[in-house]
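S.K.: coordinates for the following, if possible.
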Amino acid sequence: MKPSYDIIVVGGGPAGTMTAKYAAENGADVCVLEKTRDIGYPVRCGEAVGHDGITQFVEMQKNWIAEKINSCTLVSPEGTKLDVPFANETGYILNRRIFDYDLSRLASKAGAQIFTKVKVQGLLFENDKIIGVKVNHLGEDKEIKGKIIVGADGVDSRVGRWAGLKTTVKIRDMESCMQYSVSNIDVKRNNMTMFVGKNYAPGGYLWIFPKGDNFANIGLGISGKYSKHKSAKKYLDEFMSREFPDASIHTSMCGGCPIAYPIKKPVADNIMIVGDAAHHINPVTGGGITPAMKSGMLAGIVGAEAIKYNDQSEKFLEKYVKAIDKDFTKRHHTLYKIKEAISQLSDEDINGIARNIDSIPTEKRTLRKVFMSSMLKKPSLIIDVMRIFTGL
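M.R.: Here you go, the predicted model:
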């Protein structure tokens, strides 16, 4: 570990390693500081992604894939099951530990240095200017100087707060999540199943994502406004007792997921915030892997450019904000409006929608039709749904 770098990335998830990869490829001297002992561990994710979302950055590797997904099943509050085949998109349930580890190897191959077991304890300031980070590495306190500090430290990010950026989330926009990785269950292969309704996951949904024969990630996210009455763990345990009483639980994961607008100001002088830390998470699905990789790529490119031109001011780093806005902020805002509309549906509304869709032959069902049907009580959003599914 050197005493100084051009860019210090705090966090070794997809957002952090993609930032490091693209910054290093564009000539910056970069390090990644990860607090855990292993990149990719612990896994705090359902691990579902789309093929196109990943392959716009890297070529999909076979050992990253736990399960290919070609359909989903939506289960209504009253139990109506809607099988929806994927028309053109292939999905995957990842082996996140392997996936994240390999992304870090790509960053290292590009020239970035990766360090684990590094606890970043604060920012270094000189005359009110951020000049680096204070860390503890394997029991030794150190100061590392950097021209740009990138906060890729996840949902519970501290880097942004230390820099004075507004990163708070309204409780209604924070999902409380719980997930088990389980075996000894009868699970439908190549299919993801999602349950909706207040008995399953109020303000969110419950998922079953297969990862091979008799193995799956089973989890849920509930709106923060409901979690004070009954925890996400309680909802999940009740479901497991009811549906899979003989399952073995191999890992447990809990945490928060902001399904809010991206933070308005993810930059300041010498600071950039990316991925989950910047609330770059799909508000409808809670998926954050692809947005994390995209924001990391954009931050890495802009960060390297800032180093090249010796200008790490907020004004220069706003190029990153403009790149995000151009690429996915508008889509994110549309998804947020759709999320809000869906959250206002009662269980009876959802049951009625499910019955209507159930009358459509399975081979003619699409996710677009499902979302269009769910917006009939909010017709002003139908155009937004069409835009999401046509890429406009």
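S.K.: what is the least confident helix or strand in the protein?
M.R.: helix 382-390 (a mean of 45; mean pLDDT, DSSP states H and E).
S.K.: A strand includes residue 57, no?
M.R.: No: assessed with DSSP: H, G, I helix; E, B strand; the rest coil, residue 57 is coil; it does not lie in a strand.
S.K.: which residue sits closest to it, ignoring its sequence neighbours?
M.R.: Nearest non-adjacent residue to residue 57, counting by Cβ to Cβ, 6 or more residues apart in numbering: residue 293, 5.1 Å away. All C-beta spots, glycine's among them, are computed from the backbone N, C-alpha and C.
S.K.: how close does that neighbour sit to residue 169?
M.R.: Using Cβ to Cβ, to the nearest Å, residue 293 is found at 22 Å from residue 169.
S.K.: and these two? Which one has more around it.
M.R.: Neighbours of residue 293 and residue 169, each counted by other Cβ atoms under 10 Å, are more numerous for residue 293; the result is 28 against 18.
S.K.: so the residue nearest to residue 57 touches residue 18, yeah?
M.R.: Yes: contact criterion Cβ atoms under 8 Å: residue 293 and residue 18 qualify, at 4.8 Å.
S.K.: which neighbours do the two have in common?
M.R.: Shared contacts of residue 293 and residue 18, defined by Cβ atoms under 8 Å, 6 or more residues apart in numbering, comprise residue 57.
S.K.: quick one: contacts for the most centrally placed residue in the chain?
M.R.: With distances taken as Cα atoms, centre = their mean, the residue of the chain nearest its centroid is residue 288 (1.7 Å). Residue 288 makes contact with 45, 257, 275-276, 280-282 under the criterion Cβ under 8 Å, 6+ apart.
S.K.: who wins on neighbours among those?
M.R.: Highest count within the contacts of residue 288 by other Cβ under 10 Å belongs to residue 275, 32 neighbours.
S.K.: show me what the helix or strand encompassing the residue nearest to residue 57 is packed up against.
M.R.: When elements are assigned from DSSP states H and E, residue 293 belongs to helix 289-308. In terms of contacts (3 or more Cβ pairs under 8 Å, 6 or more residues apart in numbering; DSSP states H and E), helix 289-308 is packed against strand 4-10, helix 14-25, strand 48-50, helix 51-55, strand 140-151, strand 271-273, helix 314-324.
S.K.: so where's this structure shaky on pLDDT?
M.R.: Residue ranges of the chain with pLDDT under 70: 368-369, 371-392.
S.K.: outline the domain layout of it.
M.R.: 4-45+96-170+262-329, 68-89+171-258, 340-390 (automatic domain parsing).
S.K.: looking at those domains, which is closest to residue 61?
M.R.: domain 4-45+96-170+262-329 (6.6 Å; Cβ to Cβ).
S.K.: pull up the distance across the closest one, start to finish.
M.R.: Separation of the first and last residues of domain 4-45+96-170+262-329 by Cα to Cα, to the nearest Å is 33 Å.
S.K.: again with stretch 310-317
M.R.: 12 Å.
S.K.: show me what counts as buried in that stretch.
M.R.: The neighbour-count check on stretch 310-317 (16 or more other Cβ atoms under 10 Å) flags 312, 316-317 as buried.
S.K.: and stretch 322-334, what's buried?
M.R.: 323-324, 328-329, 331-332, 334.
S.K.: same deal with stretch 235-243?
M.R.: 235-236, 239-240.
S.K.: alpha carbons of it, as PDB, please.
M.R.: C-alpha atoms of stretch 235-243 as PDB (Å, rounded to 0.1, in the frame of the first residue of the first chain):
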ATOM      1  CA  TYR A 235     -42.500 -12.200   7.400                       C
ATOM      2  CA  LEU A 236     -39.800 -14.500   5.900                       C
ATOM      3  CA  ASP A 237     -39.900 -17.000   8.800                       C
ATOM      4  CA  GLU A 238     -43.600 -17.300   8.500                       C
ATOM      5  CA  PHE A 239     -43.400 -17.900   4.800                       C
ATOM      6  CA  MET A 240     -40.600 -20.500   5.300                       C
ATOM      7  CA  SER A 241     -42.600 -22.300   8.000                       C
ATOM      8  CA  ARG A 242     -45.600 -22.400   5.800                       C
ATOM      9  CA  GLU A 243     -44.100 -23.300   2.400                       C
END
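S.K.: residues in contact with it: which ones?
M.R.: With Cβ under 8 Å, 6+ apart as the test, stretch 235-243 has contacts from 178-180, 182, 195, 200-201, 206, 218-220, 222, 247, 249.
S.K.: tell me how many other residues surround residue 126.
M.R.: Residue 126, neighbours per other Cβ under 10 Å, totals 9.
S.K.: bridging across strands, which residues link to it?
M.R.: Counting by DSSP bridges, residue 126 forms beta bridges with residue 129.
S.K.: make JSON lines from the buried residues of stretch 322-334 and add distance to residue 57 and secondary structure to it.
M.R.: Below are the buried residues of stretch 322-334 laid out as JSON lines (distance: Cβ to Cβ, whole Å; DSSP: H, G, I helix; E, B strand; the rest coil):
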{"residue": "323", "distance to residue 57": "15", "secondary structure": "helix"}
{"residue": "324", "distance to residue 57": "15", "secondary structure": "helix"}
{"residue": "328", "distance to residue 57": "14", "secondary structure": "helix"}
{"residue": "329", "distance to residue 57": "19", "secondary structure": "helix"}
{"residue": "331", "distance to residue 57": "17", "secondary structure": "helix"}
{"residue": "332", "distance to residue 57": "18", "secondary structure": "helix"}
{"residue": "334", "distance to residue 57": "23", "secondary structure": "helix"}
